[in-house]
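*Asks:* how would this look folded up:
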Amino acid sequence: VVPDASDPDSTIERILAADRAGLDLIGVQDHPYQRRFFDTWTLLAYVAGRTERVRLLPDVINLPLRLPSVLAKSAASLDVLSGGRVELGLGAGTFWDAIEAMGGPRRTPGASVDALEEAIAILRGFWSGERSVSFEGEHYRVKGAKPGPPPAHPIRIWVGAYGPRMLRVTGRLGDAWLPSLGGDYVTPEDAPRMQAIVDEGAKAAGRDPAEIERAANVIALEGDMASWPGQLARIATELGFSTLLVGTPGEDPIADIRRLGEEVAPRLRELVG
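*Replies:* Numbers count the residues shown, from 1 in each chain. Got it, this is the predicted structure:
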């Protein structure tokens, strides 16, 4: 769901429709510098109180504008309040001019990955159940911070990764890989090579690659929705993605979301077994 602030009722209704239609997960992009968008955490907190079952995912959070210690508390708090329905998508940052305009740091590609690794360590520390957390990094530091409340369930970190180093970090430290398929992002030809790099990172850390969820934002599906289950099944079986986040750009998005949950998703599950 795009966090469109120009039509609040429509934005909220799309999320409520997804919850009613039986879909598993809602992803909301995070671009705090976009004047037409709601703040993602505020939107997720609001809809958490109006939904019953669907899981909520910032897709992905803009780390340079979100202090990891506060992010950890925000995620844990919303997880408790929503009954354990929050996951955390995490990105190293992009659109640096806009980030800097908001007062955030401008980082090089290497520094942005370093900062993401440090942030993951702080997030894990805050959710570990320890009474005090300290961490000294180049970009982030906490000294005797008191975490709490603990999350209601083990919140997973879904990493939006594209470059080789970020892919290896995903395999080593993340719980899920969350790229976007299509457009200028990941092509069907790219995906197997990138999946292998995630696997390499996991193995190097002594982890089973199967522990890493493979999720994808599916940017563009072709044709009528009747053909979507087959297209999505190919993405799942041929490219190895087990969670698919799908947008509905049609003229009647509420009807499309209802159809996505009631027709497309059940048929897709049948096709992939």
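*Asks:* show me where the stretch 51-200 of the chain has helices.
*Replies:* Assigned by DSSP state H, counting those that start in this stretch, the helices in the stretch 51-200 of the chain fall at 68-81, 96-101, 109-126, 164-173, 191-204.
*Asks:* Could you look up the SS state of residue 215?
*Replies:* strand (DSSP: H, G, I helix; E, B strand; the rest coil).
*Asks:* So for it, what's the pLDDT?
*Replies:* What the model reports as pLDDT for residue 215 is 98.
*Asks:* surely it meets residue 177?
*Replies:* Yes: proximity of residue 215 to residue 177 meets the contact threshold set by C-beta atoms under 8 Å, at 6.8 Å. Any C-beta I mention is one placed from the backbone N, CA and C, and that applies to glycine too.
*Asks:* thinking again about what came up before, ok, which of the helices of the stretch 51-200 of the chain comes nearest residue 49?
*Replies:* Taking C-beta to C-beta, helix 68-81 is the member of these nearest to residue 49, at 7.5 Å.
*Asks:* Residue 202: neighbour count?
*Replies:* 21 (other C-beta atoms under 10 Å).
*Asks:* Could you tell me which residues touch both of residue 215 and residue 177?
*Replies:* residue 158 (C-beta atoms under 8 Å, 6 or more residues apart in numbering).
*Asks:* now the helices of the stretch 51-200 of the chain as CSV including mean pLDDT?
*Replies:* Below are the helices of the stretch 51-200 of the chain laid out as CSV (pLDDT from 0 to 100):
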stretch, mean pLDDT
helix 68-81, 98
helix 96-101, 97
helix 109-126, 98
helix 164-173, 98
helix 191-204, 98
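*Asks:* any chance of those helices in a markdown table, plus distance to residue 59?
*Replies:* Shown next, in a markdown table, are these (distance: least, C-beta to C-beta, whole Å):
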| stretch | distance to residue 59 |
| --- | --- |
| helix 68-81 | 13 |
| helix 96-101 | 18 |
| helix 109-126 | 16 |
| helix 164-173 | 15 |
| helix 191-204 | 18 |
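*Asks:* Spit out the contact partners of the residue most central in space within the chain.
*Replies:* Closest to where the C-alpha atoms of the chain average out (C-alpha atoms, centre = their mean) is residue 89, at 2.9 Å. Residues in contact with residue 89 (C-beta under 8 Å, 6+ apart) are 27, 30, 57, 58, 59, 60, 61, 158, 159, 160, 178.
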